[in-house]
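Peer 1: I'll drop the sequence and a predicted model, then ask my questions.
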Amino acid sequence: MTPLTLIRHGETDWNRDRRIQGSTDIPLNDTGRQQAKDAATLLRETLEPGTPVVIAASDLSRARETAEIIADELGIDRPSLYPALRERAYGEAEGIDATEFAARWGDWHTAEVPGAEPWPALRLRALAGLRAVADDAVRATAGAAASVIVVTHGALIREVLRSATDGAYPVVGQRLANGSAHALELDGEVLRLLTPVADGV
């Protein structure tokens with residue numbers, strides 16, 4: 001059984017302006033860097049003392065830098081990077097704001113945006129990525145139980161949480177804040193949501 005804490009990356013200028021990022025590689029801003037430090041403080045208070053800690057991240061720069069800041073704050077090894085943990089690609093919607101998205105395609109979850117990654121494909125990719133992270137963590141710690149931190153993206157985290165709760169969480173309209181943390185455990189192929197560490201920091 002592998003405990004996983006999923007962290008949404010810190011804020012970028014596009015987050016601040018409510019522009020859709022998707023696979024576009026937008027860096028953290030200073031607010032995002034502080035959110036990463038705040039997430040590290042929260043993690044320091046919740047991680048089990050004496051348990052090895054492994055950190056992984058999407059290879060997009062906003063997730064990678066968030067993970068690097070957390071690793072530095074916690075005094076652990078730098079993150080391993082996984083392209084499978086990248087944000088959903090939003091195709092033609094990348095770069096536009098939420099208002100324009102709604103005007104062009106309607107509801108966020110049912111819209112058919114040209115070039116966007118299908119939601120089921122995102123879920124399969126995300127779960128495969130998390131299993132790879134868990135397997136690599138076991139190898140990195142020579143089989144010792146480890147706490148695993150995964151820094152990734154909002155839409156991907158939502159799909160993972162939906163998978164773990166049969167669609168019950170997060171509720172419709174609930175925003176996963178930049179820097180928010182959510183605790184799960186992976187037991188073989190079974191993913192379970194524990195009490196979320198925080199809705200946002």
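Peer 2: It's in.
Peer 1: contacts only, for Ala93.
Peer 2: Neighbouring residues of Ala93 by C-beta atoms under 8 Å, 6 or more residues apart in numbering: 20, 22, 101, 104-105, 111, 113, 116. Heads up, the C-betas are built off the backbone N, CA and C, glycines and all.
Peer 1: sticking with the nearest residue to Tyr169 once chain neighbours are set aside, tell me its helix or strand.
Peer 2: Nearest residue to Tyr169 in three dimensions, chain neighbours excluded: Leu161, at 5.2 Å (C-beta to C-beta, 6 or more residues apart in numbering). Under DSSP states H and E, the secondary-structure element containing Leu161 is helix 154-165.
Peer 1: what's downstream of that helix, the next helix or strand?
Peer 2: Proceeding C-terminally, helix 154-165 gives way to strand 181-187 as the next helix or strand, assigned by DSSP H and E.
Peer 1: separation between Arg13 and Leu28?
Peer 2: If you look again at residue 13, you'll see it is Asp, not Arg. 9 Å (C-beta to C-beta, to the nearest Å).
Peer 1: beta partners of the residue most central in space within the chain?
Peer 2: Centrality entry for the chain: nearest residue to the mean C-alpha point is Thr152, 2.7 Å, by C-alpha atoms, centre = their mean. Applying DSSP bridges to Thr152 yields these beta-bridge partners: Arg8.
Peer 1: I'd like to know how far it sits from Ala126.
Peer 2: In this view, Thr152 and Ala126 are 8 Å apart by C-beta to C-beta.
Peer 1: overlap of the contact sets of the two?
Peer 2: Once C-beta under 8 Å, 6+ apart is applied, the residues that Thr152 and Ala126 both contact turn out to be Leu85.
Peer 1: quick one, helices of this structure?
Peer 2: 13-16, 30-46, 61-74, 98-105, 119-140, 154-165 (DSSP state H).
Peer 1: is it possible to get TSV of those that adds mean neighbour count and mean pLDDT?
Peer 2: Written out in TSV, the entries for those read as follows (neighbours: other C-beta atoms under 10 Å; pLDDT from 0 to 100):
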stretch	mean neighbour count	mean pLDDT
helix 13-16	17	98
helix 30-46	18	96
helix 61-74	22	98
helix 98-105	13	95
helix 119-140	17	96
helix 154-165	21	95
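Peer 1: with distance to Met1 as extra columns, can I get those helices in TSV?
Peer 2: Rendered in TSV, the data for those read as follows (distance: least, C-beta to C-beta, whole Å):
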stretch	distance to Met1
helix 13-16	33
helix 30-46	17
helix 61-74	22
helix 98-105	38
helix 119-140	9
helix 154-165	14
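Peer 1: of all the ones you listed, which one comes closest to Gly173?
Peer 2: With respect to Gly173, and counting by C-beta to C-beta, the nearest of the helices of the chain is helix 154-165 at 11.6 Å.
Peer 1: contact partners of that closest one?
Peer 2: For helix 154-165, with C-beta under 8 Å, 6+ apart as the criterion, the contacting residues are 6, 8, 58, 85-88, 119, 122-123, 126-127, 130, 168-170, 176, 182, 184, 191-193.
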